[in-house]
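*Asks:* give me a model of this one.
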Amino acid sequence: YAPREDKLAALEIGFQSRHFDSKYQNFIHNLNNKIINNYLWTIKFTNINEGLIVIGGYPHEYDKDNYKENDLILSNTFSENDKIYWCLKFKYYPISNNYTLNQNIKAIISPKIIGIIATYDYLTIIEQNFFNNYYDKNICRKIIVSFEKTNYYKITCSKVDFTPNDIKIFPPLQLYNLAFNQIFILNGKEMFREEEEGIVFNALAEIDSSKTEWKIGRIFLLKYQFIFDDDNVLIGYYNKKENKEIKIKKLN
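*Replies:* Sure, this is the predicted structure:
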């Protein structure tokens, strides 16, 4: 039915690969070749909730100051049950020697979530090595939240008692990708955010789940930018030889 002009409505733009389900086209493939030359796209986040969606070219083609073609590396994504997912494979670097976590993981890229959906095993290990001390002092607590019809554990901490020094000593999440030859690191400052309810840990875990799959959201994509080639089903990343901060360039 026709929308009412005086009422706001929400929508979700689909950026899943068109190869995910042959019955549907995603948003990008509804743009014809008069608008774009190819089906490349990327999101350059400026903060956790805002960013630029750029369609139709590689960053080194329109932002030569910040991106170099020689730095671009392309990696295959993966398929499961004849469906293509935007996904990367990582090797997990353990936070202690006392762990049973599977070191090889696959992580679906999901910009619609803020943080990370990790495994229940990861949550257990991070509790043993960090949070249990704060649980005992009633500084942090674990609650149950629902997301997409699934129940997850979520950890929140006191704004008063959980200080920046506590965040600073949090054991970083380190994920190594062989294709990009890069260790992707999320430190305490990326793994926590302040909300009205308290200081929130940015990783959820499905309750008592045996799943080994991860999902990485906007806290990851804010720090690390990826490029998606839907024609060739490839994910690109600029592994810069010089570790310098990228400047946000206004696109006209």
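
*Asks:* is residue 42 in a helix, a strand, or coil?
*Replies:* Look at residue 42: counting by DSSP: H, G, I helix; E, B strand; the rest coil, its state is strand.

*Asks:* then residue 221?
*Replies:* Residue 221 - assigned by three-state DSSP - is helix.

*Asks:* what is the neighbour count of it?
*Replies:* Neighbour count of residue 221, defined by other CB atoms under 10 Å: 19. For every residue, glycine as well, the C-beta is placed using N, CA and C.

*Asks:* and for residue 123?
*Replies:* 23.

*Asks:* quick check: phi and psi at the nearest residue to it once chain neighbours are set aside.
*Replies:* Closest residue to residue 123 apart from its sequence neighbours, by CB to CB, 6 or more residues apart in numbering: residue 205 at 3.7 Å. Note on residue 205: backbone dihedrals following degrees, to the nearest 10 are phi -140, psi 130.

*Asks:* tell me the contacts of residue 205?
*Replies:* By CB atoms under 8 Å, 6 or more residues apart in numbering, residue 205 lies in contact with 117-120, 122-123, 152-153.

*Asks:* so how far is residue 178 from it?
*Replies:* Shown here: residue 205 relative to residue 178, a distance of 25 Å by CB to CB, to the nearest Å.

*Asks:* cool, residue 111 as well?
*Replies:* When residue 111 is compared with residue 178 (using CB to CB), they lie 23 Å apart.

*Asks:* equivalent analysis for residue 149, please.
*Replies:* 34 Å.

*Asks:* neighbour count: these two, which is higher?
*Replies:* Set residue 149 next to residue 178 and count neighbours by other CB under 10 Å: residue 178 wins out with 10 against 5.

*Asks:* and the pLDDT at residue 20?
*Replies:* In the prediction, the pLDDT value recorded for residue 20 is 45.

*Asks:* try residue 8
*Replies:* The model reports residue 8 with a pLDDT of 50.

*Asks:* what of residue 154?
*Replies:* With respect to pLDDT, residue 154 has a value of 96.

*Asks:* try residue 229
*Replies:* For residue 229, the model assigns a pLDDT of 91.

*Asks:* bridging residues for it?
*Replies:* With DSSP bridges applied, residue 229 shows beta-bridge pairing to residue 40, residue 234.

*Asks:* which ones are touching it?
*Replies:* So residue 229 contacts 38-40, 74, 235-236 (CB under 8 Å, 6+ apart).

*Asks:* return the item of those having minimum pLDDT.
*Replies:* residue 38 (74).

*Asks:* number of nearby residues for that residue?
*Replies:* 15.

*Asks:* now it: how far from residue 136?
*Replies:* 55 Å.

*Asks:* residue boundaries of the helices in the chain?
*Replies:* For the chain, the helices defined by DSSP state H occupy 59-62, 120-126, 132-136, 164-168, 188-191, 218-223.

*Asks:* can I get these in JSON lines including distance to residue 85 and mean pLDDT?
*Replies:* JSON lines is the format used below for the helices of the chain (distance: least, CB to CB, whole Å; pLDDT from 0 to 100):
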{"stretch": "helix 59-62", "distance to residue 85": "23", "mean pLDDT": "93"}
{"stretch": "helix 120-126", "distance to residue 85": "20", "mean pLDDT": "90"}
{"stretch": "helix 132-136", "distance to residue 85": "34", "mean pLDDT": "97"}
{"stretch": "helix 164-168", "distance to residue 85": "32", "mean pLDDT": "97"}
{"stretch": "helix 188-191", "distance to residue 85": "24", "mean pLDDT": "96"}
{"stretch": "helix 218-223", "distance to residue 85": "16", "mean pLDDT": "96"}
